[in-house]
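**Student:** pasting the structure only:
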């Protein structure tokens, strides 16, 4: 009798489980309200692979203004990863120079736009106003364009061209981290400096400094500590003027002239490594909350040594991945150009060992 009851109980439990499992799936949606199935709708359009070049494969080109210093390596990886996902081909192109070389980039762009196999073009636009002829040639040929990394707000058909890149407001993340660092250290007051050089003419960097400055002031105010600190970003909030030709000496001089510097932020690849060297030279390693920009080898080494508390990356993998996907969506789905703000990745000593493990930085 006990065996029968046990068997019956097991059968009831199994039935209950099956009913429960079926009930868990009761919210499944099998087809659209319009009648079509989602499986069919999710398939690539039959004519997509023959877009423009009509050769059975989508071919995109990505062209940058400096392929020689490694910054754009993750961008190329992201572009290739996206192309592999959609079965497309991507040409990885760029100036061979280790420094910005928009003239060489434009030369490459003028060559690639003539390629009859090209179905989509991705380019960086560091030299404002220099790319309209290329965009016009692409439009005339029916080739969609996407821009990435650097932003040209004046480019021809700007509203119809997607842009993937980091908005300068992301620097606020470093400003917030700097305040948190000061509070964690129990720092009761002092000067926070934000060195920069407006003579470089880089509006994006100026805006980063302004964003970091605003976040530092807001953070200290929220903590009830603003009156105890002097936050110096110059008279216009775009940075304390420092010599870009000798940035280390300029920052050391800045530290020495203030005498009570407890925090600092640098907004680009010129002043960030210099900030780290200045911290080391003045014996302030571990005593100051120092944050910077980009995640090149110099920044990573400085974070690991403690000369930099942290630095912000632009998440460049996304700057290659999304433009390829955006062009594909425009071709296959007729989706309008959509911008992507890559924000920022804050890297500190705890996380610097993970940088680049999946080629993302």
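**Tutor:** In hand now; what should we look at? Remember, it's a predicted structure, so these values are computed and weren't measured experimentally. Numbers count the residues shown, from 1 in each chain.

**Student:** Let me know the pLDDT of the residue nearest to residue 314 when sequence neighbours are not counted.
**Tutor:** Closest residue to residue 314 apart from its sequence neighbours, by Cβ to Cβ, 6 or more residues apart in numbering: residue 166 at 4.4 Å. Heads up, the C-betas are built off the backbone N, CA and C, glycines and all. Per-residue confidence (pLDDT) for residue 166: 94.

**Student:** Residue 127 too?
**Tutor:** Looking at residue 127, its pLDDT is 89.

**Student:** low-scoring stretches of this protein, by residue?
**Tutor:** 1-25 (pLDDT under 70).

**Student:** now stretch 218-230, how far from the centre of its chain.
**Tutor:** Put simply, stretch 218-230 sits 29 Å off its chain's centre (Cα atoms, centre = their mean, to the nearest Å).

**Student:** can I assume residue 215 is in contact with residue 172?
**Tutor:** Yes: contact criterion Cβ atoms under 8 Å: residue 215 and residue 172 qualify, at 3.8 Å.

**Student:** residues in contact with the residue nearest to residue 162 when sequence neighbours are not counted?
**Tutor:** In space, and not counting its chain neighbours, residue 162 is closest to residue 337: 3.8 Å by Cβ to Cβ, 6+ apart. Contacts for residue 337 (Cβ atoms under 8 Å, 6 or more residues apart in numbering) come out as 146, 159-162, 326, 330.

**Student:** Return the subset of those residues lying in strands.
**Tutor:** Among the contacts of residue 337, DSSP state E puts 146, 162 in strands.

**Student:** I'd like the contacts of residue 337 written out as CSV, with distance to residue 268 and neighbour count added.
**Tutor:** What follows is these, written out as CSV (distance: Cβ to Cβ, whole Å; neighbours: other Cβ atoms under 10 Å):
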residue, distance to residue 268, neighbour count
146, 24, 25
159, 28, 6
160, 30, 13
161, 25, 23
162, 25, 23
326, 27, 26
330, 32, 20
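
**Student:** Just send the contacts of residue 337 back as JSON lines, with distance to residue 282 too.
**Tutor:** Below are these laid out as JSON lines (distance: Cβ to Cβ, whole Å):
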{"residue": "146", "distance to residue 282": "44"}
{"residue": "159", "distance to residue 282": "49"}
{"residue": "160", "distance to residue 282": "51"}
{"residue": "161", "distance to residue 282": "46"}
{"residue": "162", "distance to residue 282": "45"}
{"residue": "326", "distance to residue 282": "46"}
{"residue": "330", "distance to residue 282": "52"}
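
**Student:** Going by distance to residue 350, which of the contacts of residue 337 wins?
**Tutor:** Closest approach to residue 350 among those (Cβ to Cβ): residue 326, at 33.6 Å.

**Student:** who's in contact with that closest one?
**Tutor:** The contact partners of residue 326, by Cβ under 8 Å, 6+ apart, come to 146, 162, 164, 335, 337-338, 340.

**Student:** can you redo these as JSON lines with distance to residue 241 and secondary structure?
**Tutor:** Putting these into JSON lines (distance: Cβ to Cβ, whole Å; DSSP: H, G, I helix; E, B strand; the rest coil) gives the following:
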{"residue": "146", "distance to residue 241": "36", "secondary structure": "strand"}
{"residue": "162", "distance to residue 241": "36", "secondary structure": "strand"}
{"residue": "164", "distance to residue 241": "32", "secondary structure": "strand"}
{"residue": "335", "distance to residue 241": "45", "secondary structure": "coil"}
{"residue": "337", "distance to residue 241": "38", "secondary structure": "coil"}
{"residue": "338", "distance to residue 241": "38", "secondary structure": "coil"}
{"residue": "340", "distance to residue 241": "34", "secondary structure": "strand"}
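
**Student:** picking up where we left off before, wait, the residue nearest to residue 314 touches residue 315, no?
**Tutor:** Yes: Residue 166 is within contact range of residue 315, at 7.3 Å (criterion: Cβ under 8 Å).

**Student:** I'd guessed residue 37 sits against residue 31; true?
**Tutor:** Yes: checked against Cβ under 8 Å, the pair residue 37 and residue 31 is within contact range at 4.9 Å.

**Student:** all helices of the chain, in order?
**Tutor:** Here the chain has its helices, by DSSP state H, at 2-24, 38-41, 73-86, 102-112, 132-141, 172-185, 203-222, 247-258, 271-281, 297-305, 316-333.

**Student:** could I get the ones you listed as CSV with distance to residue 361?
**Tutor:** Converted to CSV, these look like this (distance: least, Cβ to Cβ, whole Å):
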stretch, distance to residue 361
helix 2-24, 40
helix 38-41, 36
helix 73-86, 6
helix 102-112, 22
helix 132-141, 29
helix 172-185, 15
helix 203-222, 18
helix 247-258, 23
helix 271-281, 15
helix 297-305, 9
helix 316-333, 7
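
**Student:** which stretch among the ones you listed comes nearest residue 120?
**Tutor:** For residue 120, the closest of these is helix 316-333, at 3.8 Å, according to Cβ to Cβ.

**Student:** and that closest one, which residues are buried?
**Tutor:** For helix 316-333, burial by neighbour count (16 or more other Cβ atoms under 10 Å) applies to 316-332.

**Student:** One more: stretch 278-293?
**Tutor:** For stretch 278-293, the neighbour count (16+ other Cβ under 10 Å) marks 278-280, 284-285, 288-293 as buried.

**Student:** how about residue 215, what does it touch?
**Tutor:** Residue 215 touches 171-176, 179, counting by Cβ under 8 Å, 6+ apart.

**Student:** Kindly indicate which of these lies nearest residue 360.
**Tutor:** Nearest to residue 360 among the contacts of residue 215, with distances taken as Cβ to Cβ, is residue 173, at 17.0 Å.
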